[in-house]
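>>> output the structure for:
(chains A and B)
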Number of protein chains: 2
Amino acid sequence: MKLPVSTEWALHCATTLAQLDPGASASTTQLAQYYDLPAPYLAKQLKALVKAGLLAATTGPRGGFRLARPASEITLLQIVQAIDGTSSPYECREIRRQGRGALPPDECRHTCVLAAKMAEAHQAWRDSLSGVTLADILTTLPPSAPARTRSRLTEMA
Amino acid sequence: MKLPVSTEWALHCATTLAQLDPGASASTTQLAQYYDLPAPYLAKQLKALVKAGLLAATTGPRGGFRLARPASEITLLQIVQAIDGTSSPYECREIRRQGRGALPPDECRHTCVLAAKMAEAHQAWRDSLSGVTLADILTTLPPSAPARTRSRLTEMA
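Next comes the predicted model:
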């Protein structure tokens, strides 16, 4: 059970964009240099965040990415699911209905109790991540961090 | 983020073995026929459950598998981790330390806050699954289920 390596990229890039001045944006190149990541692959991840409505892409010579809404309205769950999708890690293929032990249909009207417990666990994971916003993450940074982030992103513009 | 398909097999086979009479066991062939699963691949999964200390393998002509301890002492988390391992789905490669935005070492003495939040979510998932034992699952079955399970496993012995 593995999340894509780019999940870390997406979480960090979104956190970085949350530190920009209002209206400012950062390009793929700037973000790729900031974290020493491969720009073409990072571009694909940023696109996924745009598609999910978390980032807005601005065009033109000073174009780039910015948050599509306030940092307090973007959760870690939304970022992770933009990269990895929303499906549960547990796949129930209903083996209870097959083989010599196949259950009668009337005992299969409800979700298999094992699948239900796996779904509860996935929901606990989702609840944990949906309870943390980018704004929450920003409050944990040293007070001087946002200014430094902006300066380092800009100096390579 | 996907668990192996055999996670479902392991959960169901363990639940089935939890319904046997004390001292009884079921062979790979019996379990494979019970759920219509490929015996050689199922054997590998059952071996993983033995290695994790959840099942005991008995040898001889009537050999097979039984629970290694009471159903009330085997959790869904233990079964899932016997199949998929214990590592977190989120991989933190410490990109905060690299590139033009690399943080100074003194700001990296603690776990990255994003990695910490992802670890909390994984712990929530673990807590959810470790709160459910095979004994809990058995209480949700119809009262007639265990006798039927035993009979169907035996008739193909």
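
>>> contacts, neighbours, all on C-alpha from now
OK.

>>> which parts of stretch A:137-156 are buried?
Residues A:Ile137, A:Leu138, A:Pro146, A:Thr149, A:Arg150, A:Arg152, A:Leu153 are the ones in stretch A:137-156 that count as buried (16 or more other C-alpha atoms under 10 Å in any protein chain shown).

>>> show me the strands in chain A, by range?
Per DSSP state E, chain A carries strands over the ranges A:55-58, A:64-67.

>>> just give me the longest helix of chain A.
helix A:113-130 (DSSP state H).

>>> grab the nearest non-local neighbour of A:Leu134.
Of all residues not flanking A:Leu134 in the chain, A:Ala71 sits nearest, at 5.0 Å (C-alpha to C-alpha, 6 or more residues apart in numbering or on different chains).

>>> same question, A:Thr16
A:Thr149 is the one closest to A:Thr16 (C-alpha to C-alpha, 6+ apart), at 7.0 Å.

>>> go ahead and confirm the one you found touches B:Arg100.
No. A:Thr149 sits out of contact with B:Arg100 when judged by C-alpha atoms under 8 Å, with a separation of 9.7 Å.

>>> mean pLDDT per helix and strand in chain A: which one sits at the bottom?
Least confident helix or strand, chain A: helix A:145-154 with a mean of 92, by mean pLDDT, DSSP states H and E.

>>> what is the distance between it and the centre of its chain?
22 Å (C-alpha atoms, centre = their mean, to the nearest Å).

>>> now for it, which elements pack on it?
When contacts are defined as 3 or more C-alpha pairs under 8 Å, 6 or more residues apart in numbering or on different chains; DSSP states H and E, helix A:145-154 packs onto helix A:28-35.

>>> return the list of helices and strands in contact with the helix it packs on.
Taking 3+ C-alpha pairs under 8 Å, 6+ apart as the contact cut, helix A:28-35 packs with helix A:39-51, helix A:145-154.

>>> out of these, which is closest to B:Thr59?
Of all these, helix A:39-51 sits nearest to B:Thr59, with 52.3 Å by C-alpha to C-alpha.

>>> ok now the closest one, how far from the chain's centre?
Relative to its chain's centre, helix A:39-51 lies at 11 Å (C-alpha atoms, centre = their mean).

>>> angle of that helix against helix A:28-35?
Angle, helix A:39-51 to helix A:28-35, by axes from the mean of the first three to the mean of the last three C-alpha atoms, to 10 degrees: 110 degrees.

>>> elements contacting helix A:39-51?
Identification of packing neighbours for helix A:39-51 by 3+ C-alpha pairs under 8 Å, 6+ apart yields helix A:6-17, helix A:28-35, strand A:55-58, helix A:76-84.

>>> let's see 10 Å
helix A:6-17, helix A:28-35, strand A:55-58, strand A:64-67, helix A:76-84 (3 or more C-alpha pairs under 10 Å, 6 or more residues apart in numbering or on different chains; DSSP states H and E).

>>> could you provide these in JSON lines, with additional columns for mean neighbour count and mean pLDDT?
Listed next are these as JSON lines, based on neighbours: other C-alpha atoms under 10 Å in any protein chain shown; pLDDT from 0 to 100:
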{"stretch": "helix A:6-17", "mean neighbour count": "22", "mean pLDDT": "97"}
{"stretch": "helix A:28-35", "mean neighbour count": "22", "mean pLDDT": "95"}
{"stretch": "strand A:55-58", "mean neighbour count": "18", "mean pLDDT": "94"}
{"stretch": "strand A:64-67", "mean neighbour count": "24", "mean pLDDT": "96"}
{"stretch": "helix A:76-84", "mean neighbour count": "22", "mean pLDDT": "98"}
